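Student: below are the sequence and a predicted model for it; my questions follow.
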Amino acid sequence: MNKKSVFGPDYRLGILGAGQLGKMLAIAAADWHLPVRALDQSGDFPAGPYCAQFTEGNFNDPDAVYAFGKALDVLTIEIEHVAIDALFRLEAEGVAVHPRPGALAVIKDKGLQKQFWARHGLPTASFRLYDDGDAVRQALDAGQIHFPFVQKSRTEGYDGRGVAVIRSQADWNKIMDTPCVVEDLVPIQKELAVIVSRNTAGEVAAFPAVEMTFHPEANLVEFLLCPARIPAEVEQAAEALALRAIEAFDICGLLAVELFWTTAGELLINEVAPRPHNSGHHTINSCYTSQFEQHLRGILGLPLGSTHMTSPSVMLNLLGEPGHSGPAHYEGIGECLAMEGVKIHLYGKAQTKPFRKMGHVTVLDADLDRAMAKAREVQGRLKVKVKGGKVKVEK
């Protein structure tokens, strides 16, 4: 175990990635005056201004990742798609890498992730693995799989990309030509998520389950409600299942566990992310400990913080408006800032494009229904468009 004090002047914490998650991690670390270093392609990315040291480089380049990581005490990620071989090398040389590379190698491949659930007896939708789109079509012709089903790219899927819902023969051309997982399209009551945490001493904690609704076009979370509107026994079962998942992976930091609550009353693991996650952004304003602080506590070997809610909340993603690509302009922001309980978080991305995540808004209220009504009002008022009102139509 590294005996250097986390709060000493020479402690070195690094993040692979400098997007909005890296930014919010750096802000959380600033409460403890803990300098953060980041590696990404440009210091203009959201985390850039909030890092004590920024290294320009590609987190998919093994040499760049190794050179960045070898001088660190602890290295973590804000995205799964990084140079995994370099992480194994750094771990072997004594750098604390969280999540551990062995677990990350499984999680970043949805096919391996599915096989992991099956090996560990953790519930998930029935699935098959295919090498490409032609293999999926052949399996359909042979009657091995049936409509409707969900096809997921095994790697590189992110923010709704790499997922296709194939409902009938009419969707034949939507089948992706990539190594993939094909799952049964299960009947769902609600989509839930539970963020759990674990520190280096093995202490674990779960945040309250959240309920997610999705944007019909972008396949991104549109609203997130906490607490989820589910029976207490489903809440308890969801938290217990998420804790089983993080302990099975034997990782430190966070694990965001997305779940299906089916019409038959089952809880099925959809997929996981071993890092701060969109489904936990509300915790910044509505819990004693934010998910970002909790991730730091976990990877730095500190006691985990309380996950109790201080207020019900609704979180909405602030997405770029359809048809708008160019310099970002925030319309209606003043009106929303004047509303009680509305907390606006902008990510600092200079350019907007359709459905790009530009920020999020958390609405707090003692009554969840009132919070939801106010969130819908914010959604109607706060728009990310092109500066000057110029519209470039995306083809």
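Tutor: In hand now; what should we look at?
Student: how about stretch 122-136 as CSV, C-alpha atoms only?
Tutor: Listed next in CSV are the C-alpha coordinates belonging to stretch 122-136 (Å, rounded to 0.1, in the frame of the first residue of the first chain):
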residue,chain,number,x,y,z
LEU,A,122,-26.0,-12.4,-12.0
PRO,A,123,-29.3,-11.9,-13.9
THR,A,124,-29.2,-10.4,-17.4
ALA,A,125,-31.3,-10.7,-20.6
SER,A,126,-30.7,-13.7,-22.7
PHE,A,127,-28.0,-13.1,-25.3
ARG,A,128,-25.9,-14.4,-28.2
LEU,A,129,-22.6,-13.1,-29.6
TYR,A,130,-22.0,-12.6,-33.3
ASP,A,131,-18.9,-11.6,-35.3
ASP,A,132,-20.7,-9.2,-37.7
GLY,A,133,-24.0,-8.1,-39.2
ASP,A,134,-24.0,-10.9,-41.8
ALA,A,135,-23.8,-13.5,-39.0
VAL,A,136,-26.8,-11.8,-37.3
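Student: the closest residue to residue 177 other than its chain neighbours and residue 168, how far apart?
Tutor: Once flanking residues are discounted, residue 177 sits nearest to residue 133: 3.8 Å by CB to CB, 6 or more residues apart in numbering. C-betas here are computed from N, CA, C, even on glycine. Noted for residue 133: a distance of 17 Å to residue 168, by CB to CB, to the nearest Å.
Student: more neighbours: which of those two?
Tutor: residue 133 (19 against 8; other CB atoms under 10 Å).
Student: test my guess that that one contacts residue 178.
Tutor: Yes. Proximity of residue 133 to residue 178 meets the contact threshold set by CB atoms under 8 Å, at 7.0 Å.
Student: distance check, the residue of the chain positioned farthest from its centre against residue 177.
Tutor: Farthest-out residue of the chain from its mean C-alpha position, per CA atoms, centre = their mean: residue 142, at 36.4 Å. Noted for residue 142: a distance of 18 Å to residue 177, by CB to CB.
Student: pLDDT weak spots in the stretch 251-395 of the chain?
Tutor: Low-confidence segments of the stretch 251-395 of the chain (pLDDT under 70): 389-395.
Student: quick check: residue 359 touching residue 344?
Tutor: Yes. Residue 359 is in contact with residue 344 according to CB under 8 Å; the separation is 6.7 Å.
Student: for the two, list the residues in contact with both.
Tutor: Common contact partners of residue 359 and residue 344 (CB atoms under 8 Å, 6 or more residues apart in numbering): residue 318.
Student: which of these two has more residues huddled nearby?
Tutor: Using other CB under 10 Å, the more surrounded residue of residue 359 and residue 344 is residue 359, with 22 against 17.
Student: pull the residues that contact the helix or strand harbouring that one.
Tutor: Taking DSSP states H and E as the definition, residue 359 sits inside strand 357-364. For strand 357-364, contacts defined as CB under 8 Å, 6+ apart pick out 20, 159, 220, 278, 281-282, 284-286, 311-320, 328, 336, 341-347, 349, 352, 371-372, 374-375, 378, 382, 384.
Student: 7 Å instead, please
Tutor: Contacts to strand 357-364, defined as CB atoms under 7 Å, 6 or more residues apart in numbering, come from residues 20, 159, 281-282, 284-286, 311, 313-320, 328, 341-347, 349, 352, 371, 374-375, 378, 382, 384.
Student: which of the residues you listed fall in helices?
Tutor: Counting by DSSP state H, the contacts of strand 357-364 place 20, 284, 285, 286, 371, 374, 375, 378 in helices.
Student: show the buried residues in the contacts of strand 357-364.
Tutor: Buried subset of the contacts of strand 357-364 (neighbour count, 16 or more other CB atoms under 10 Å): 20, 281-282, 284-286, 311, 313-320, 328, 341-347, 349, 352, 371, 374-375, 378, 382, 384.
Student: list the contacts for the residue nearest to residue 177?
Tutor: So residue 133 contacts 175, 176, 177 (CB under 7 Å, 6+ apart).
Student: can you rerun that using 10 Å?
Tutor: Contacts for residue 133 were tallied using CB atoms under 10 Å, 6 or more residues apart in numbering; they are 151, 164, 172, 173, 174, 175, 176, 177, 178, 179, 180.
Student: and which of these is nearest residue 272?
Tutor: For the contacts of residue 133, the residue nearest residue 272 by CB to CB is residue 180; the value is 17.9 Å.
Student: would you mind stating the distance between that closest one and residue 135?
Tutor: Distance from residue 180 to residue 135, by CB to CB: 9 Å.
Student: ditto for residue 290
Tutor: Taking CB to CB as the measure, residue 290 falls 43 Å from residue 135.
Student: with neighbour numbers in mind, choose between those two.
Tutor: Neighbours per residue, other CB under 10 Å: of residue 290 and residue 135, the larger number sits with residue 290, 24 against 18.
Student: was I right about the more buried one contacting residue 310?
Tutor: No. At 11.1 Å, residue 290 does not count as touching residue 310 under the criterion of CB atoms under 10 Å.
Student: give the residues shared as contacts by these two.
Tutor: residue 283.
Student: about what we covered before: got any residues that touch both of residue 133 and residue 178?
Tutor: With contacts defined as CB under 10 Å, 6+ apart, the residues shared by residue 133 and residue 178 are residue 151.
Student: would you map out the domains in this protein?
Tutor: 13-97, 126-184, 188-389 (automatic domain parsing).
Student: can you say which of these is nearest to residue 111?
Tutor: Proximity to residue 111, assessed across those by CB to CB, is greatest for domain 126-184 (4.5 Å).
Student: gap between the two ends of that closest one?
Tutor: Length of domain 126-184, first residue to last, CA to CA, to the nearest Å: 6 Å.
Student: same deal with stretch 48-61?
Tutor: Stretch 48-61 has an end-to-end distance of 19 Å (CA to CA).
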